[in-house]
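> okay, here's the prediction I keep looking at, along with the sequence it came from:
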Amino acid sequence: MSRTRPAAEAAPLILLNGIIKAYGGGQSAFHALRGVDLRIDEGSFVAIMGASGSGKSTLMNILGCLDVPTAGEYVFRGVHVENLQRDQRALLRRHYFGFVFQGFNLLARTSALENVELPLLYRGEPAAARHASARAALEAVGLGGWEGHTASELSGGQQQRVAIARAIVTKPALLLADEPTGNLDSERSREIMELLTELNRDHGITVVIVTHDLDVAVFAKQTVHMADGCIDGSARVAEVG
């Protein structure tokens, strides 16, 4: 009689082990992160919460390869990111990450289509392919037909939708959103969070958001609470020279 072996656990998209971020050295060093361990699986929707100064933005910057840890391991799809050179981290961001910020960071006098095309322009993709991908991304965020409108002609909620379209036009594995509803009213905030939920559910994009707003965090499948540079207030002793 044969036995069925249990399926092997899938490897995580991201694995952090003992991540420390220190500024300065010796006794005067400031530790923004104090030994953070975190696993993020493919297809997750994670909210990182915490008070100002808790380390959540520092953690987001390290996840997005915008900063590097002082110590610890950051593994992305089996690659040790902490060992990569600056240009290698830039390539990782370009091909696997999408970013959404509290400030929409759009070019005010440039059309929605052109704003969304920018990441593809940096990749050197031909114009026809850029136009098609940007139109599809705008359609995905509910802005089909708004391609020719400049950012200054759009509402705050529409501008954030354009920013999200720009973040997903490269079909990223990971979408990182830092206070994505911070400049929006409650109704527009809900619309943006429902959109991020749809992208996570229907397109399989892993989403990580930083927020201080409980009404935003409830949309996530997993919530990470940070305090004093630690997750849930628990930490290992940080020893950095």
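Nice, thanks for sending it over. Numbers count the residues shown, from 1 in each chain.
> okay, and the residue positioned nearest the centre of the chain sits in which element?
Centroid check for the chain by CA atoms, centre = their mean gives residue 176 as the closest residue, at 0.8 Å. Per DSSP states H and E: residue 176 is located in strand 174-178.
> output the contacting helices and strands for that strand.
Under the contact criterion of 3 or more CB pairs under 8 Å, 6 or more residues apart in numbering; DSSP states H and E, strand 174-178 touches helix 56-63, strand 97-101, helix 156-168, helix 186-203, strand 206-210. From N, CA and C alone the C-beta is placed, and that goes for glycine too.
> so for residue 70, which of those sits nearest?
Comparing these by their distance to residue 70 (CB to CB), the top pick is helix 56-63, with 10.0 Å.
> what residues sit buried inside the next helix or strand after that closest one?
With elements assigned by DSSP H and E, the helix or strand that comes after helix 56-63 is strand 71-76. For strand 71-76, the neighbour count (16 or more other CB atoms under 10 Å) marks 72, 74, 75, 76 as buried.
> one step back: what's near enough to touch the residue nearest to the centre of the chain?
Residues near residue 176 by CB atoms under 8 Å, 6 or more residues apart in numbering: 60, 63, 64, 97, 98, 99, 100, 208, 209.
> ok so, going back, distance from the chain centre to the strand holding residue 176, please.
Centroid displacement of strand 174-178 relative to its chain, using CA atoms, centre = their mean, to the nearest Å, is 2 Å.
> then stretch 207-223?
Offset of stretch 207-223 from its chain centre (CA atoms, centre = their mean): 12 Å.
> buried residues, that stretch. List them.
Buried-residue list, stretch 207-223, by 16+ other CB under 10 Å: 207, 208, 209, 210, 211, 213, 216, 217, 219, 220.
> and those as a markdown table, adding pLDDT and distance to residue 188?
Shown next, in a markdown table, are those (pLDDT from 0 to 100; distance: CB to CB, whole Å):
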| residue | pLDDT | distance to residue 188 |
| --- | --- | --- |
| 207 | 98 | 18 |
| 208 | 97 | 21 |
| 209 | 97 | 15 |
| 210 | 95 | 18 |
| 211 | 93 | 15 |
| 213 | 91 | 13 |
| 216 | 93 | 12 |
| 217 | 94 | 17 |
| 219 | 96 | 14 |
| 220 | 96 | 18 |
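> tabulate those residues in TSV, adding columns for distance to residue 83.
As requested, those are arranged in TSV below (distance: CB to CB, whole Å):
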residue	distance to residue 83
207	26
208	22
209	27
210	25
211	31
213	35
216	34
217	33
219	34
220	30
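> ok, of those residues, which one's closest to residue 228?
Taking the buried residues of stretch 207-223 together and measuring to residue 228 by CB to CB, the closest member is residue 210, at 16.4 Å.
> pretty sure residue 197 is touching residue 47, no?
No: with contact defined as CB atoms under 8 Å, residue 197 does not reach residue 47; the gap is 11.6 Å.
> which residues do the two both contact?
Contacts common to residue 197 and residue 47, judged by CB under 8 Å, 6+ apart, are residue 219.
> tell me which of those two has more neighbours.
residue 47 (24 against 15; other CB atoms under 10 Å).
> pretty sure the more buried one is in a strand, no?
Yes: assigned with DSSP: H, G, I helix; E, B strand; the rest coil, residue 47 falls within a strand.
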